[in-house]
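>>> attaching a predicted model along with its sequence, questions to come.
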Amino acid sequence: MTETYLFRGVDAQGKPCEGSVQAASSDAARMRLLGQGVQVLELTTGSIGGSSPAAAGNPATLSASDILLFTREMAHLKRANLPLDKAFGILRELASTDRLKQFVTHVGEGIRGGKTLHQAMQPYQTSLGRQYLAMIRAGEASGNLQHTLSDLASQLELDARQRGQLVTALTYPAILLGVSVLSVFLLLLFVVPQFRELFDTMGDSLPLSTQWVLAFSDTIRLHWQTLIFISLAAFLLLRRWYASTSGRLTVDAALLRVPILGPVIVNLQSVVYYRTLGLLLHRGVPMLDSLRYAADTLTNRFMAAEVEPLIEHVKSGKRISDGLAAKHLGRNGASSLIRVAEETAQLDATLASLSERFDEESRRVLARLLSTVEPLIIVCLGTIVAFIIIAILGGVLSINETI
């Protein structure tokens, strides 16, 4: 049974060093450190910084920015031909957050204990993803870990840039929608009730539109607690249903049928799928594993369910293009281009160009969607406010006619 030993010593260059190593005994730990050129001054059993969640089998959850920072810096250090144990010592000093420092420390302990980088990162699969670990494993097997880390860093940077662009593009419509809803509720809560006493004497002789506005205003003003409770309960129920397999499939399938929005989702998912598949194949990951990991990157469960049979389809000796022909990912000529790539042995390059093509198309369609949403919100707000004002004016005019 192996144990973790903390050590302090001097490395081959005469510099002080410290860390941990896994070994069956203290003598074995000293021999392992001696083989690494470390002269041991102090050796004790334990773990760095006490019992960390990672060491206890509960790895910390890493954010996308943590993973990007680690991958980028690790790629730079590997380009300088630094050994993994020294690279992780430097990365631990560069870690900007506690959870990233914990991750680097834990993975570094695994490497010093004789594990490969892929094996040491395995407990963090939930945060890193199967595709990330598959790329690391392929890079280690092919001896191209340096290039693999560079590919991963480029992909993560592209993902982060796309997320930032999407958030920036959606910020203004979201603020506009929020202000619009708030304006209507304030109008119904504070402006319309001012006319209540004036209209009470009219009874049923008020125009129907005025009666509707007054009834809606009274409902919001007198029963707002109940409305909030009902809305919250409905939200929680819908969220629970959406978390189920059938609910997620139903919603994701419905989103694909929404005009303009559906093509945007298909294009964005195609970018992720084809880029991942092409990158995995380029780095030597087997075809079936590449298809499985690429399918895991699809966040739309309906599209992911569509491509799951593709693994068995390819395993039986059939072409990828034939399995994608009737699927969302095979539209817009994608399956035809993949068929040509299979015949010319240019599949990884073709998949990369397909991801770029869908990326450009998704940006164009998304810009058109956002340009449509903003005036649509303004028109809807104007229509609702105009209806309320016209209803109030109609009630005032009806009073004048009665007098």
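That came through, no problem.
>>> hmm, Arg368 is touching Leu261, no?
No - under the contact definition of Cβ atoms under 8 Å, Arg368 does not touch Leu261, with a separation of 10.9 Å. For every residue, glycine as well, the C-beta is placed using N, CA and C.
>>> quick check: which ranges of the stretch 301-403 of the chain have low pLDDT?
Judged by pLDDT under 70, the stretch 301-403 of the chain has its weakly predicted residues at 401-403.
>>> can you show me the helices along it?
With helices called from DSSP state H, counting those that start in this stretch, the stretch 301-403 of the chain shows them at 301-307, 309-315, 320-324, 334-344, 347-402.
>>> got TSV for the ones you listed, with distance to Asp289 and mean neighbour count too?
Formatted as TSV, those follow (distance: least, Cβ to Cβ, whole Å; neighbours: other Cβ atoms under 10 Å):
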stretch	distance to Asp289	mean neighbour count
helix 301-307	14	19
helix 309-315	9	15
helix 320-324	14	20
helix 334-344	18	17
helix 347-402	14	15
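>>> make JSON lines out of the ones you listed and add distance to Phe185.
Compiled in JSON lines, the helices of the stretch 301-403 of the chain are given as follows (distance: least, Cβ to Cβ, whole Å):
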{"stretch": "helix 301-307", "distance to Phe185": "35"}
{"stretch": "helix 309-315", "distance to Phe185": "48"}
{"stretch": "helix 320-324", "distance to Phe185": "48"}
{"stretch": "helix 334-344", "distance to Phe185": "46"}
{"stretch": "helix 347-402", "distance to Phe185": "11"}
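>>> for Arg79, which non-adjacent residue is closest in space?
Nearest residue to Arg79, sequence neighbours excluded (Cβ to Cβ, 6 or more residues apart in numbering): Gln146, at 5.7 Å.
>>> now the nearest residue to Glu361 once chain neighbours are set aside: how far from Leu366?
Counting by Cβ to Cβ, 6+ apart, Glu361 lies nearest to Asn267, which is 5.2 Å off, once chain neighbours are set aside. For Asn267, the distance to Leu366 under the criterion Cβ to Cβ, to the nearest Å works out to 8 Å.
>>> try Pro193
42 Å.
>>> do the same with Phe70
Look at Phe70 and Leu366: by Cβ to Cβ, they are 30 Å apart.
>>> likewise Leu186?
If you measure Leu186 against Leu366 using Cβ to Cβ, the figure is 32 Å.
>>> now Leu94
According to Cβ to Cβ, Leu94 stands 35 Å off from Leu366.
>>> same deal with Gly37?
Separation of Gly37 from Leu366 (Cβ to Cβ) stands at 54 Å.
>>> thinking again about what came up before, the helices of the stretch 301-403 of the chain: which one's closest to Arg79?
Proximity to Arg79 (Cβ to Cβ) singles out helix 347-402 among the helices of the stretch 301-403 of the chain, at 22.0 Å.
>>> follow-up on the earlier one: burial measure for the residue nearest to Arg79, as a count.
17 (other Cβ atoms under 10 Å).
>>> does it really touch Ala80, like I thought?
No - under the criterion of Cβ under 8 Å, Gln146 makes no contact with Ala80, lying 9.4 Å away.
>>> walk me through the domains of this structure.
Each structural domain of the chain that the record assigns through automatic domain parsing is listed here as a residue range: 3-45, 64-156, 165-403.
>>> residue contacts, Asn144?
With contacts defined as Cβ atoms under 8 Å, 6 or more residues apart in numbering, Asn144 is in contact with Arg283.
>>> got phi/psi on it?
Listed backbone geometry of Asn144 is phi -110, psi 40, with angles given as degrees, to the nearest 10.
>>> check it and give its pLDDT.
We note a pLDDT of 79 for Asn144 in this prediction.
>>> I'd like the distance between it and Ile111.
18 Å.
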